[in-house]
Every structure is written in C-alpha cells, then in structure tokens.
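Student: take a look and give me a structure for this.
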Amino acid sequence: MLKVLPRNGFRTGAAPLAASLLVLGAAAAPVTAQAIGPHASSCARNASAVLVHVEGLKARTGMLRVQLYEANPKTFLEKRQYVERIELAVPRSGPLDVCVAVPKPGNYALYVRHDANGSGKSDRSDGGGFSGNPRVSLTDLAFKRKPDLAKTQFAVGNATREIRVVLNYVQGLSFKPLGA
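Tutor: As a prediction, this is how the structure comes out:
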C-alpha cells in the first residue's frame, strides 16, 4: 500500500574557487542509491528532492511514514502542516531509501515513523526519528515536546539532498536507536 498526501559571501583567489567548484561538483553528483516511493524518479534524475536513508529498523514489517515540513517553528510537526507525506509498506529486504520531492528549494525538516505492527496507531512497538538525528527522550514524547528545529532542518537546492535518519525505539525507560 502506498499513499501520497500532497501538500553570500564570495571570495576571490584560486583556493576558494577550487573549493567552490568541488562543493558544486559534489552537489551536482548523481544520487547512486536506489530510491523507493512515488517520487523515486525525482531522485533518479537528481531533481530538487530529499533522499532519506532510513536506518535502524527494528523489524521488516509494518508501515513507514515520511513527513516533510518547511523549517518553520509554527508549522513543524503540527497536524496536517506537512509539505509532503509518504506512507509505504516496509520492504522485506534491501536499503530503505525513500525519495521525497520538494516543491521548491529551501529549508526543510523530516520526521520518519515506523509503525512496526501496521496498526495505524501509536504504541510501544513503533519507532521514529528526525533529520539531524536529535536526541529524544521518553519524557519528550510523553509531554509532546518537539526537537529543536535548528538541529533538524537542512537546505535543499536544485539537486537531490541525501539525509540519514536513524530510528529510535522504546527500550526499557529510554527512547534510543537499537543497540545504543
């Protein structure tokens, strides 16, 4: 099952110029991971998108939800304020690299949720993570405290940006990556 819910300082000289060209070349390099999701072709052609490398799955079961937000403290993690939301069944094997197209270059933040049992409801078996991989405690979850937007936001230009999100799960009295 797959658902998509839409919604300078320049310096001169040879060394800075060479460094700028290196950065530009790296930014324009094609994405090599095999993306999944309804926007996979955006990442394949290196369009303005985010390739989310999801790591640390507890199990290859259930559903995965990726929500993209503008980097705005008033809308970040608020109900139905996401820019893009993708839900897909967790593949049984292989890397979990989800492509999310962005409407325009800018600053964004991501939230990833693993509904491990596919119930559609939040429970102790579920995992989650954010771009920037900020530390989140059980107390933060209980009081619905958002992670610091400054730690989760990232810029997307005219090419695909790769982001790594490590999932956290409830383990005893902690919410942390598996094996941590």
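Student: work out which residue lies at the spatial centre of this structure.
Tutor: Centroid check for the chain by C-alpha atoms, centre = their mean gives Leu110 as the closest residue, at 4.2 Å.
Student: in terms of helices and strands, where is that residue?
Tutor: Per DSSP states H and E: Leu110 is located in strand 106-115.
Student: list the buried residues for that strand?
Tutor: Buried residues in strand 106-115, counted by 16 or more other C-beta atoms under 10 Å: 108-115. Quick note: C-beta positions are derived from backbone N, CA and C, even for glycine.
Student: can you check stretch 157-165 too?
Tutor: Burial within stretch 157-165, assessed by neighbour count using 16+ other C-beta under 10 Å, is assigned to 159-161, 163, 165.
Student: hang on, the earlier thing: mind pulling up the pLDDT for the residue nearest to the centre of the chain?
Tutor: Leu110 is assigned 97 on the pLDDT scale.
Student: that one: what's it in contact with?
Tutor: Listed by C-beta atoms under 8 Å, 6 or more residues apart in numbering, the contact set of Leu110 reads 50, 52, 66-69, 100, 130-131, 152, 163, 165.
Student: could the residues you listed go into a markdown table alongside pLDDT?
Tutor: Formatted as a markdown table, those follow (pLDDT from 0 to 100):
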| residue | pLDDT |
| --- | --- |
| Val50 | 98 |
| Val52 | 98 |
| Val66 | 98 |
| Gln67 | 98 |
| Leu68 | 98 |
| Tyr69 | 98 |
| Val100 | 98 |
| Phe130 | 97 |
| Ser131 | 98 |
| Thr152 | 97 |
| Ile163 | 97 |
| Val165 | 98 |
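Student: can you give me the helices for this protein?
Tutor: Assigned by DSSP state H, the chain shows helices spanning 14-28, 40-44, 138-142, 149-152.
Student: related to what we said a few turns ago, list the strands paired with the strand holding Leu110, with their directions.
Tutor: Here strand 106-115 is paired, per DSSP bridges, with strand 63-70 (antiparallel), strand 127-130 (antiparallel), strand 154-156 (antiparallel).
Student: chain center to stretch 57-73: distance?
Tutor: Centroid separation between stretch 57-73 and its chain, computed with C-alpha atoms, centre = their mean, to the nearest Å, is 7 Å.
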